[in-house]
Every structure is written in structure tokens, then in C-alpha cells.
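Q: Need coordinates for the below:
(chains A and B)
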Amino acid sequence: MNQEARANKFSLGRIMVYLFLSLASLCSLFPFYWMFVMATRPSAAYNSIPPTITPGNMLIENFQKVLNAIDFFGAMWNTIILCTVVTVVVLLISSLAGFAFAKFKFPGKNILFVSILLTMVIPPQLGLIPQYYLISKAGLLDTLQGVMILSFLNPLGIFLMRQYVSGSVPDELIEAAKLDGCSNFRIYRSIVLPIILPAFATLGIIVFTAVWGEFLWQFTILRDPDMYTIQVALATLSNTFNIDFGMILSGVFWATVPLIVIFLLFNRLFIASITDGAVK
Amino acid sequence: MISAAERAIKKKRSISEEKKDMISGYLYIAPFFIIFAVIGLYPALFSTFLAFQNWNGLSPMSFVGLENFKVVLADPLFWKSLYNTIVIGLLGTAPQLVIGIILAFLLNLSFLRFRNFFRVTIFMPYITSMVAVALVFSVLFSNHESSLANYILGVFGFDPVNWATSEWGTKIAIAVMVFWRWVGYNTIIYLAGIQSIPGDLYEAATIDGASKIQQLMYITMPLLKPFIILTVFFSTVGALQLFAEPTVFLGAGAFTRDEAMTVVMYLYRDAFKLQSFGTASATAIILLIIIVIFSAVNTLLTSGVGRKKRGVKG
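A: Numbers count the residues shown, from 1 in each chain, chains lettered A, B, ... in the order given. Below you'll find the model as predicted:
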């Protein structure tokens, strides 16, 4: 570091940069902190001026109220099952299709690939009514299967997998395996899958968090409280006219904690999952 | 002289290989297309068909021509919901682009310490679900005089606002939550874009005596354009499909009040509260057209702005 740069270290510009970024971080973090504060306070704390911004001691009481209002753990369990199944199925569908688009020659390949990308433009609301009708005809209203089927379509997944397979699986490896008499599926299972596992992590995170937070489908198809996912269950917390803020934010807080923990552990993967989609 | 026979064998073999690859190819992409046909394409076509029918889900359909479209387009509530959607969309997404670019630029400054801390915290709101965001903000922005939003207004000498029930209160509160959840996401995309710009461009500019602001305007912005177009496209489509945030924020009265009803809420209300599937489908078609027009116009505008700037510079 030269003299000039050292002198610059505490310049006004740098202080402004740190101030601005700190303010942005504070704004980002504050709702999380405040969720926790309200989850530990009685609803009455809400009426105090100035507002309470330190935690209280009602953490457990508020959560018990949540448990009385909704089947919190049942709804969490439903969401976990839903997200896990959808993620596994989407990873399979996407990697198989991505492999095919990257490494096989077949007539109409490019048109088919472009048509998959075009399906991304169809807004999910367009088919909402017929989809609801189909699901109810199939007897899948109020079932997780009904929600799952509607979440299996993931054109972005196929796009990412094609990019990844063509970039990281060498053609020679596939040729060699073929000479050894490997079937195509065997090549997929023993050669392609192990190579693309890192891409599974990023795509898996994209799919899992998208299904975790998805609302429109779950809200439309699940009407029976026993089948509620956590999003639908949380939404019902504020759906009464006698609102208990401490309880609502307790529910939100405990439903968000698992995500925060996963995010803090794997934040690089989360961030990579966004940029992979954007940059490629 | 071995070659003739061998070549024949090889050729035969490669033809059967080719066939095998072709079959595998179709087989491996089939799951997507089968699922898409059943739950994507068929519903989309059926919606288009339904838009010309009168149907409540139970009694037989009857063809009504363009009547559904006329009903929707003559309904003041539809126009109110479109107005709400556009206002909330503009308030919630346009500032994101500006703040997002600034944040990304700052996060990329070479002298910055705690870079990863800032990056992770700014991105963190994105992991919360839309329902969770709406609930937290419904408490931050409640009508109470003591709600945090009203308290802060009070500190600056303003009167409390009825965030949960007023025309502008609801819109601003919902726009703020959209902003909060997405600005970090856009920042990360811009940051990836900025990092793809070769560093020697900045070095050269520094040597030529360009300030950081000038570097932002004349190097970062033009080269970031593809990323800006991408986020403008996503933001436009997402904003026009806004549903979870207002529905949860408005709570029990969500479908009976109009201050923050969005187009998708209007569609949902027609379909599942009023059992008017025909008009709801017509609304879906109209929304699709609106999305196509808006995203095309916004994308073109974004590309145009950059071009003009470059023109002025050159």
C-alpha cells in the first residue's frame, strides 16, 4: 500500500461508503430482529410509545398461542415433504433433459429447447382455473400431491442443467463409455450424475426455496387445515379480526428460523444459485 | 484390406448408436413435455376457451362470445386493480434498480472490508417467504399510532397514517415490503454483472483521472446493461403478478376492499369467491396481454436508454 492510499483510508468518501452499506445492512436485518422482539412480547407491548425494541420473556407463551391457533408442526411437516419431493423430482427431470439436450443429437432438438424456454413466459395465473378444475377432477384437492404436480414444471432447471452438462461433462468420456458398451442411462447414472452434483446443490436450493415460499397454488388447492402448508397456515394467523401481533410474529419467526439457519450455513450456495441463473 | 468389412461394421454400429441416442434423447426430455402438456399447455388453452364461455363450474357452459371481456373491461374494479398493480409495481421495483446498482457498485469497491458480511445481510431478506414478509410488515405498518412506521413518522413531525386501510398507505406499505425482499436479489445480480467487467478498464480510467462516479456512469452502467434488462424484465413480470403480499397484508378483508387489490387478486376473486370462471379466464388473458406489452416496452426502453447514453458520449 503506498502513501497516498494510506492517507485515503479514512477519507470522507470511504466513511460514506461504510455508512451507506451499514444502513442497508441494518434495514435488511431489522425486520428479522424485530420479528424476534415481537415474538417475545405480549401483544400489549405493541401499544407502547416509544415502540419496544428489546426482547421480552414471552417467547414460549406466544409460541403456545400459535400452536393453539394452527397446527404449526403439521404444516411444517407438510411443507418439508412437499419441498423434498418436488426438489428431487425436478432435479431428476431437469438433469435427464439437460443431459439429452447437451449430449444427444435428435431431430427438432433446438426447437424443443427453445419451446421449453418459452414456457417460462406463461404466467402461472393463466391456467389457474383449469388447473384447479383438473386437480379437483383427479380427486387431488386438499392433497400435497395436487400441489406437487403443479410444481414439477421447471424450465429454468432444464436450462441450467444443459449449461452445466455441456460445460463440465467431456464428450470423450461419454464416447469412451459407449465403446465399453455402457447404455445411455448407465452413462447418466455413473458418469453424468457424479459430475453434476454441485449443480444439484444450486438448483436444489432454487427449487426448494421457491416451493417453500410459493403461495398462490397452496392457497388455492389446500382448504383443509390438516393439509395446510406453513405458508397457508401462517396466512390464516392474520385472517381474524382480533389480531394478536405477538402470536403472529411468533409463528412467522419460528417458521423463518430454519431458513435462516440453512441460509447462514450455505449462504455462498444461495448467492451462487441466483448468479448462475443470471450470468449464464 | 481389413477396412471394408470393418468400416461396414463401424458404420452399422454408429447408425444404431445414433438411433439409440435419438431414442434416449426423446425419452429423457419426455417427462417435462408430458407434464407440461397436462398441467401447462392444456390449462392455458382451456383458459382461452373458457374466456368465451359463461361457466360457474357446475352448470353447463354456454358460449357468450366476447361478453366476458366486455364485462371485465367495463368493470371499474378491474381498472382500479390494474391501477393499483401498476402503482405498487412502480413504487416497489423502480427504486430497487437504482439502489441495487449503487449497492452492487459499493460492494465491489476494492478497499471494502467486511464485504461478505454486507453481501450476505443485504441478500438475506430474499430467503423469507412472501407470506412472512407480508405479516411482519403488516405489524410494522399497522394503523396504530404506536406502529413503528407511524412512530418514525411522528419523530419527524408527521401525522400517523392508516397504513392498513388507506388508499396510499396500503400501496406504500406493500411497495416497501416488495422493495425490502427483492433489492438484495437484484444487487447480487448486478454484482455478478460488475464482476464480469474486466478490472483493467477501471485501472485505465483511474490512470486517466476518472472519479469513482464517472467510472460508475461510463464504465459500469453501459457494461451492466444486459443485467439491467434482465432484472427489469423479471421485475415487470413479477410486479404484474403480485398476489401473496397484498392478500396477506390486507388479511380478512382482502377480497372485499379495493385500496390494494391487484389484477391477480381480482382474477382470484372472480374465480373462487364469485364462481365466475368465464370472466376470471378473460381477466387471465387480458393480464397475459398486459404482461407481454409491459415487459416488451420496459425491455425496449431499458435498451434504448443505454444506447442514447452511449451516443451522447461518443
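Q: Just the helices from the stretch 1-150 of chain A, written as ranges.
A: Ranges of helices in the stretch 1-150 of chain A, per DSSP state H, counting those that start in this stretch, are A:3-8, A:12-39, A:59-69, A:72-103, A:109-118, A:128-137, A:144-151.
Q: hey, least reliable of those helices by pLDDT?
A: When mean pLDDT is averaged over each of the helices of the stretch 1-150 of chain A, helix A:3-8 scores lowest at a mean of 51.
Q: re earlier: what about the helices of the stretch 1-150 of chain A, which gets the closest to B:Gly304?
A: Closest approach to B:Gly304 among those (CB to CB): helix A:109-118, 24.1 Å. Any C-beta I mention is one placed from the backbone N, CA and C, and that applies to glycine too.
Q: Setting aside sequence neighbours, what's the nearest residue to the residue in chain B that chain A sits nearest to?
A: Chain A sits closest to B:Pro43 of chain B, with a gap of 2.9 Å, by CB to the nearest CB. The shortest distance from B:Pro43 to any non-neighbouring residue, by CB to CB, 6 or more residues apart in numbering or on different chains, is to A:Gly127 (2.9 Å).
Q: Please name the residues that touch that neighbour.
A: B:Ile39, B:Gly40, B:Tyr42, B:Pro43, B:Ala44, B:Phe46, B:Ser47, B:Ala284 (CB atoms under 8 Å, 6 or more residues apart in numbering or on different chains).
Q: could those go into TSV alongside pLDDT, neighbour count and secondary structure?
A: Conversion of the contacts of A:Gly127 to TSV gives the following (pLDDT from 0 to 100; neighbours: other CB atoms under 10 Å in any protein chain shown; DSSP: H, G, I helix; E, B strand; the rest coil):
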residue	pLDDT	neighbour count	secondary structure
B:Ile39	90	20	helix
B:Gly40	89	22	helix
B:Tyr42	92	15	helix
B:Pro43	92	23	helix
B:Ala44	91	21	helix
B:Phe46	93	17	helix
B:Ser47	92	23	helix
B:Ala284	94	28	helix
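Q: Would you mind measuring from B:Val237 to B:Gly89?
A: Distance, B:Val237 to B:Gly89, using CB to CB, to the nearest Å: 10 Å.
Q: More neighbours: those two, which one.
A: B:Gly89 (22 against 17; other CB atoms under 10 Å in any protein chain shown).
Q: Same question for whichever strand or helix holds the more buried one: list its buried residues.
A: Per DSSP states H and E, B:Gly89 falls inside helix B:76-107. For helix B:76-107, the neighbour count (16 or more other CB atoms under 10 Å in any protein chain shown) marks B:78, B:81-82, B:84-89, B:91-93, B:96-97, B:99-107 as buried.
Q: sorry, back to before: would you format the contacts of A:Gly127 as JSON lines with distance to A:Ala272 included?
A: Putting the contacts of A:Gly127 into JSON lines (distance: CB to CB, whole Å) gives the following:
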{"residue": "B:Ile39", "distance to A:Ala272": "30"}
{"residue": "B:Gly40", "distance to A:Ala272": "28"}
{"residue": "B:Tyr42", "distance to A:Ala272": "35"}
{"residue": "B:Pro43", "distance to A:Ala272": "33"}
{"residue": "B:Ala44", "distance to A:Ala272": "33"}
{"residue": "B:Phe46", "distance to A:Ala272": "38"}
{"residue": "B:Ser47", "distance to A:Ala272": "36"}
{"residue": "B:Ala284", "distance to A:Ala272": "35"}
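Q: Mind picking the one among those residues that's closest to A:Ile81?
A: B:Ile39 (19.6 Å).
Q: Please verify my assumption that that closest one contacts A:Met148.
A: No - using CB atoms under 8 Å, B:Ile39 makes no contact with A:Met148, being 10.8 Å away.
Q: hang on, the earlier thing: from the buried residues of helix B:76-107, which are also near chain A?
A: Residues of the buried residues of helix B:76-107 in contact with chain A (CB under 8 Å from any CB of the partner chain): B:Ile99, B:Ile102, B:Leu103, B:Leu106, B:Leu107.
Q: Look up phi and psi at B:Phe52.
A: Backbone torsions for B:Phe52, taken as degrees, to the nearest 10, come to phi -110, psi 10.
Q: Was I right to think it contacts B:Ser62?
A: No - using CB under 8 Å, B:Phe52 is not in contact with B:Ser62; the gap is 10.0 Å.
Q: Which one's more surrounded, these two?
A: Neighbour totals were compared for B:Phe52 and B:Ser62, and B:Phe52 leads with 18 against 9 (other CB under 10 Å).
Q: Which segments of the chain make up each domain?
A: In the absence of a named chain, chain A is used. Using automatic domain parsing, the domains assigned to chain A come out as A:3-64, A:71-237.
Q: The chain in question should be chain B.
A: With automatic domain parsing as the reference, chain B has domains B:3-50, B:70-313.
Q: Highest mean neighbour count out of these?
A: domain B:70-313 (a mean of 19; mean count of other CB atoms under 10 Å in any protein chain shown).
Q: ok now it, how far from the chain's centre?
A: Centre-to-centre, domain B:70-313 and its host chain are 8 Å apart (CA atoms, centre = their mean, to the nearest Å).
Q: Stretch A:18-32 too?
A: The answer for stretch A:18-32 is 23 Å, by CA atoms, centre = their mean.
Q: and what of stretch A:46-61?
A: On the basis of CA atoms, centre = their mean, stretch A:46-61 sits 30 Å off its chain's mean C-alpha point.
Q: In chain A, which residue sits closest to chain B?
A: Per CB to the nearest CB, A:Gly127 is where chain A lies closest to chain B, at 2.9 Å.
Q: Quick one, grab the pLDDT at the residue nearest in space to the middle of chain B.
A: Nearest residue to the geometric centre of chain B (CA atoms, centre = their mean): B:Gly238, 2.3 Å. Listed pLDDT for B:Gly238 reads 92.
Q: Please identify which helix or strand holds the spatially most central residue of chain A.
A: Residue closest to the mean C-alpha point of chain A, counted by CA atoms, centre = their mean, is A:Thr209 at 1.0 Å. Assigned by DSSP H and E, A:Thr209 belongs to helix A:193-213.
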